[in-house]
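> All I have is the shape, not the residue letters:
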């Protein structure tokens, strides 16, 4: 312990000295910077100005690495600064980055404009989707190829070829992180110097260590220049919890002020090994493995890693699978900066894009291998690299997606086919016109698709992309949770022997009076939150029926909570409630539980509108909470459903009886006046009653045949029903 503390003290002295260095006077510094930039601009190496070097770099001088971290810990920002330093954003940006790298006290410079003029553009560079820019998160991994001079290069040029991948941080996109890790030999684990270890920090760390060939792991602290930063405290905690012997090996960075960017790149070049060649590589047989895919106006694009051979334009290639038949002509080949740069060829070890006229998006899933068409008959004689089965896409939950426009089902199918290529986490199950359950839509929704998502944020991003990229306003129903129903012998349901079935669609839920037992899926929840909110977190876990609760202090401020919790309660609004009770400072991660299910006393709650059951609005909850949650859903529907020309009666039924009800009044015209003057004068009251009764009968006819329009807000009321 003393050794760790002493190293921590040395870490503190080094960090303090780093901060206390005084900047040169502004005028002298500007003159010196201008002179240095003029001299050094002759020696800058960048892939934009030295494209001819790409083919000269040997296989041993290639480094593949990625950034992994908890959400909002600065991955994309740091990746953008790395692109700036290596010249992928132009010579002017590279000059500024090199000047900042040489001035270690750059965050004390008074010439803030030099930094801030480029900050917004660079940070948003890798987040190309509109939903990423709006939300400030990364939802899809991005790749870039760079050139960087370094002493570790063995080739005569003295330059390394770096392939960098920026990964998402949110728990919903964990499988994309795992796939990215399988294609690289190094990973930089970033931790916010203000927040320290978070739930997804554990998650991505475990993902990296669990791979068959785990990448070399480097640790770096981000945002060290903020007033709230605690770099020493966080570094010592990380050293203890992640088993890092030397806290001084932890890098310190800040993308905002370009602190430590060069040090991160130097560490990657020095410590990350070059990729290993395949055992049967003869330098001729092509094997290009698909890393990622996306769709644009020119069709399907594949990001590939050349495992062996060379890929050139006009080559004839095929997809290596059990039935190699179709042949494609390579139309365009290049590298990513991250914008595409056409190079006409990709050599062994290179990572770049290829367009070859692929029409079916499902043929270009990550892990797919491309070979020469001429070698398709000999494919069984060579090693074909494959992704582990655990890295294949596996949906966390399913939901039904319906177009707002009842006639827009075909347009929705076409848009989803294109999004599937851009988002490998989507799993689409198209249903026929005779589908049952929520995909059928019922009287309130048109036909829809059953789609698997990685989480609620994933579903929100999917719906937003449909609107932004295809102008399709869609409705995503509440998540479907698989329940294990065991039926017991009974005369009422004519069951002679006990059997078990898995039900996802609630339209197949057992009817009232049937003898059955329910087992619901459970997960291990890992929660990190400040100690000041420990009581709120434990109360939330208890309210969500969590069991086997354990607490473990990470330090004097952060606590780790682990509990076994029902998946149905986690997947709805648990994350939002956790953020509410911890002032936005709590984080959540989940893993498989053992055993994966537990017996529970659950009720299905049906929602009816004017007597018609709306199957997509049905939900399952614990028997003790059915009354409370049914009332909340009815009240929220009362707020979000539009007022009609007829009365709308909202009812919730559970256990064979009505447990909650709300009533939306109809629009009503004053039939006793016309144009501001009385239509019925004085006299007998029966004349007025006659008109009112006539209006009442008309409203009743409308109520029996009128259609209530549902919106996404109506289904969100079911998702967030516990508050």
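Here it is on my side, so go on. Bear in mind that the values here come from a model prediction, so they are computed numbers and not experimental data.

> So which residues of the stretch 451-600 of the chain form helices?
Along the stretch 451-600 of the chain, the stretches classed as helices by DSSP state H, counting those that start in this stretch are 456-470, 534-543, 567-569, 575-581.

> Identify each buried residue in the second one, please.
Read that as helix 534-543. 536, 537, 538, 540, 541 (16 or more other CB atoms under 10 Å). Heads up, the C-betas are built off the backbone N, CA and C, glycines and all.

> which of these lies closest to residue 234?
Nearest to residue 234 among the buried residues of helix 534-543 is residue 537, at 21.1 Å by CB to CB.

> contacting residues for the residue nearest to the closest one when sequence neighbours are not counted?
Spatially, and ignoring its direct neighbours in sequence, residue 537 is nearest to residue 529 (5.0 Å; CB to CB, 6 or more residues apart in numbering). Residue 529 sits next to 537, 558, 559, 561, 578, 582, 585, 586, 587 when contact means CB atoms under 8 Å, 6 or more residues apart in numbering.

> Pull out the buried residues from those.
For the contacts of residue 529, buried by 16+ other CB under 10 Å: 537, 558, 559, 561, 578, 582, 585, 586, 587.

> shouldn't the first one be in contact with residue 560?
So that's residue 537. No - Residue 537 lies out of contact with residue 560 (CB atoms under 8 Å); the separation is 10.5 Å.

> joint contacts of these two?
residue 527.

> Go ahead and measure how far stretch 524-544 is from the middle of the chain.
23 Å (CA atoms, centre = their mean, to the nearest Å).

> quick one: which of the contacts of residue 529 sit in strands?
Secondary structure defined by DSSP state E assigns 558, 559, 561, 587 of these to strands.

> which one is the third one nearest to, not counting chain neighbours?
Using CB to CB, 6+ apart and skipping the chain neighbours, the partner closest in space to residue 561 is residue 527 (4.2 Å).

> Just give me the neighbour total for the one you found.
27 (other CB atoms under 10 Å).

> ok, it to residue 251 distance?
Using CB to CB, to the nearest Å, residue 527 is found at 28 Å from residue 251.

> Then residue 214?
Taking CB to CB, one finds residue 214 at 19 Å from residue 251.

> if you count what's nearby, which of the two comes out ahead?
residue 251 (21 against 14).

> For that one, give me phi and psi.
Note on residue 251: its backbone torsions stand at phi -80, psi 150 [degrees, to the nearest 10].

> Where does residue 100 sit, in terms of helix or strand?
Element membership for residue 100 (DSSP states H and E) is helix 91-102.

> What residues sit buried inside that helix?
Buried, per 16+ other CB under 10 Å, within helix 91-102: 93, 94, 95, 96, 97, 98, 99, 100, 101.

> from the residues you listed, which single one is nearest residue 715?
residue 93 (45.1 Å).

> Not counting its neighbours along the chain, what's nearest that closest one?
Per CB to CB, 6+ apart, closest to residue 93 is residue 84, 4.7 Å.

> Quick check, the one you found in contact with residue 98.
No - Residue 84 is beyond contact range of residue 98, at 9.5 Å (criterion: CB under 8 Å).

> hang on, the earlier thing: list the contacts for the residue nearest to residue 561?
199, 537, 541, 560, 561, 562, 563, 578, 586, 587, 588.

> The residue nearest to residue 93: how many residues sit nearby?
26.

> Report the angle between the helix or strand it falls within and helix 91-102.
Remark: residue 84 resides in helix 75-85, with elements defined by DSSP H and E. Computed by axes from the mean of the first three to the mean of the last three CA atoms, to 10 degrees, the angle separating helix 75-85 from helix 91-102 equals 100 degrees.

> Off-centre distance for helix 75-85?
For helix 75-85 - counting by CA atoms, centre = their mean - the centre lies 20 Å from the chain centre.

> Do you know the pLDDT at the residue nearest to residue 93?
pLDDT recorded at residue 84 is 91.

> which residues of the stretch 201-350 of the chain score low on pLDDT?
Scanning the stretch 201-350 of the chain for pLDDT under 70 picks out 322-324.

> quick one, strands of it?
216-222, 251-252, 287-296, 299-308, 311-312, 316-319, 328-329, 332-336, 340-342, 345-346 (DSSP state E, counting those that start in this stretch).

> helices or strands next to the fourth one in the packing?
This points to strand 299-308. strand 287-296, strand 351-355, strand 369-372 (3 or more CB pairs under 8 Å, 6 or more residues apart in numbering; DSSP states H and E).

> Pipe those into a markdown table and attach distance to residue 634 per row.
Shown next, in a markdown table, are these (distance: least, CB to CB, whole Å):
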| stretch | distance to residue 634 |
| --- | --- |
| strand 287-296 | 42 |
| strand 351-355 | 52 |
| strand 369-372 | 54 |
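
> Tell me which of those strands sits nearest to residue 465.
strand 287-296 (11.4 Å).

> how far does the closest one sit from the chain's center?
Using CA atoms, centre = their mean, the offset of strand 287-296 from its chain centre is 19 Å.

> now for that strand, which elements pack on it?
So strand 287-296, by 3+ CB pairs under 8 Å, 6+ apart, packs with strand 299-308, strand 369-372, helix 409-422.

> please redo it, this time with the cut-off set to 10 Å
Under the contact criterion of 3 or more CB pairs under 10 Å, 6 or more residues apart in numbering; DSSP states H and E, strand 287-296 touches strand 142-149, strand 159-166, helix 174-182, strand 299-308, strand 351-355, strand 369-372, helix 409-422.

> Adjacent strands (with direction) for it?
Applying DSSP bridges, strand 287-296 is found paired with strand 299-308 (antiparallel), strand 369-372 (antiparallel).

> Any buried residues in it, and which?
Quick answer for strand 287-296 (16+ other CB under 10 Å): 287, 288, 289, 290, 291, 292, 293, 294, 295.
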